[in-house]
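*Asks:* Quick one: sequence plus predicted model below, questions after.
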Amino acid sequence: MRRRAGQTDHAPPPAGAYSQSVRIGALVHAAGQGGQDPATGELSPDITEQTRQCLRNVEAVLAASGATLGDVIRCGVFLTDIDDFPAMNAVFEEVFEQPYPARTTVVVGLAGGMRVEIDALAVVEG
């Protein structure tokens, strides 16, 4: 199987040597997305809005490789403050349907005012 990169202007461009998303067969991996608005480059200071924008960006890069949020089986969430967990989790409950994707959440240092970054693994049927 051949690896194919997904590219979209509906999410921020990569900040380094990586693809926004990559598909091999039925597997699609969305690279970690921050909460920057792709049109303006702005980043809300609010954790709820950053999480919503992260997931909009994840949705866009998944679409570039033929997947949807409904195809997601796993997310990695990177928070700068564990106290932001309840707000981030509430957005996940708004965006994803049950059964929810598996998820790992870790506390890390993030650059440029980012409070959350999210990546996703999806499996596309057919």
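*Replies:* Okay, I see it. In this text, all values refer to a predicted model and were calculated from it rather than measured experimentally. Numbering: from 1, shown residues only.

*Asks:* Can you report how many residues neighbour the closest residue to Gly112 other than its chain neighbours?
*Replies:* Nearest-residue entry for Gly112: Leu43, 7.1 Å, with adjacent residues in sequence omitted and distances by Cβ to Cβ, 6 or more residues apart in numbering. The C-beta positions use only the backbone N, C-alpha and C, and glycine is treated the same way. Using other Cβ atoms under 10 Å, Leu43 is surrounded by 18 other residues.

*Asks:* my read: Leu43 touches Gln36, true?
*Replies:* Yes - counting by Cβ atoms under 8 Å, Gln36 is a contact partner of Leu43 at 5.1 Å.

*Asks:* Just confirm Ala67 contacts Ala122, I think it does.
*Replies:* Yes - look at Ala67 against Ala122 with Cβ under 8 Å: they come within range, at 4.0 Å.

*Asks:* ends of stretch 34-46, how far apart?
*Replies:* Its start and end residues considered, stretch 34-46 measures 13 Å (Cα to Cα, to the nearest Å).

*Asks:* which residues are in contact with that stretch?
*Replies:* For stretch 34-46, the external contacting residues (Cβ atoms under 8 Å, 6 or more residues apart in numbering) are 9-12, 49-54, 57, 60, 110, 112-117.

*Asks:* I'd like the distance from that stretch to the chain centre, please.
*Replies:* Chain-centre distance of stretch 34-46: 13 Å, with Cα atoms, centre = their mean, to the nearest Å.

*Asks:* Any buried residues in that stretch, and which?
*Replies:* 34-36, 38, 43-44 (16 or more other Cβ atoms under 10 Å).

*Asks:* same question, stretch 75-82
*Replies:* So for stretch 75-82, counting by 16+ other Cβ under 10 Å, buried means 75-80.

*Asks:* Also stretch 115-126?
*Replies:* 115-122.

*Asks:* how about CSV for these, with secondary structure, pLDDT and distance to Asp71 added?
*Replies:* Converted to CSV, the buried residues of stretch 115-126 look like this (DSSP: H, G, I helix; E, B strand; the rest coil; pLDDT from 0 to 100; distance: Cβ to Cβ, whole Å):
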residue, secondary structure, pLDDT, distance to Asp71
Arg115, coil, 98, 26
Val116, strand, 98, 21
Glu117, strand, 98, 20
Ile118, strand, 98, 15
Asp119, strand, 98, 14
Ala120, strand, 98, 9
Leu121, strand, 98, 9
Ala122, strand, 98, 4
